[in-house]
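*Asks:* need coordinates for the following:
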Amino acid sequence: MDANEILDYCLAKKAVTESFPFDNETLVMKVDTKMFLLMGLERQPLAINVKTDPEWSAELREQYPQITGAYHMNKTHWNSVSLDGLKRELILKLIDHSYELVFKSLTKKAQNAINESL
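*Replies:* Numbering: from 1, shown residues only. Purely as a prediction, here's the structure:
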């Protein structure tokens with residue numbers, strides 16, 4: 001997958017916005033006001049940071065050398081994923097999982113507003 005495919009996939013989800021709050025190279029995807037994906041646009045091979053359940057994070061890190069604790073983030077909850085050599089299905093599953101975790105962490109009021117707006 002390339003950066004444009006990931007961007008399009010994320011933007012198709014409910015209440016997702018994109019921004020560059022840190023620098024001109026790190027694209028941040030948010031649901032409502034909370035980050036669920038970061039992508040270094042200049043990094044080769046392309047990599048993303050996604051939030052994952054801590055138990056699944058441990059399994060992923062054992063199974064895939066491309067998945068490690070995310071640099072400068074809470075490594076219990078965030079993984080850095082080098083996309084080189086990973087199947088598209090896994091990448092999409094990781095993005096979906098991150099989005100769902102963050103969406104569930106929103107207030108019920110925010111969740112309802114998002115669900116009612118679409």
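
*Asks:* contacting residues for T68?
*Replies:* Taking Cβ atoms under 8 Å, 6 or more residues apart in numbering, we find T68 in contact with R61, N79, S80. Yep, even glycine has a C-beta here, placed from its N, CA and C like the rest.

*Asks:* run through the bridge partners of M39.
*Replies:* Beta bridges link M39 to L27, I48, judged by DSSP bridges.

*Asks:* verify the stated contact: it with V50.
*Replies:* No. Using Cβ atoms under 8 Å, M39 is not in contact with V50, being 9.6 Å away.

*Asks:* who has more neighbours, the two?
*Replies:* Higher neighbour count among M39 and V50: V50, with 29 against 22, using other Cβ atoms under 10 Å.

*Asks:* which SSE is that one in?
*Replies:* strand 47-51 (DSSP states H and E).

*Asks:* could I get that strand in PDB with only the CA atoms?
*Replies:* Extracted C-alpha coordinates of strand 47-51, given in PDB (Å, rounded to 0.1, in the frame of the first residue of the first chain):
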ATOM      1  CA  ALA A  47       5.500   3.200   7.900                       C
ATOM      2  CA  ILE A  48       2.500   4.100  10.100                       C
ATOM      3  CA  ASN A  49       1.900   4.300  13.800                       C
ATOM      4  CA  VAL A  50      -1.400   2.800  15.000                       C
ATOM      5  CA  LYS A  51      -3.000   2.100  18.300                       C
END
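
*Asks:* same for the helix or strand following it, what does it pack against?
*Replies:* The helix or strand immediately downstream of strand 47-51 is helix 54-63, counting by DSSP H and E. Helix 54-63 sits against strand 67-69, strand 78-82, with contacts defined as 3 or more Cβ pairs under 8 Å, 6 or more residues apart in numbering; DSSP states H and E.

*Asks:* report the angle between helix 54-63 and strand 47-51.
*Replies:* When axes from the mean of the first three to the mean of the last three Cα atoms, to 10 degrees is applied, the directions of helix 54-63 and strand 47-51 differ by 150 degrees.

*Asks:* tell me which residues in helix 54-63 are buried?
*Replies:* Under the neighbour-count criterion of 16 or more other Cβ atoms under 10 Å, helix 54-63 has S57, L60, R61 buried.
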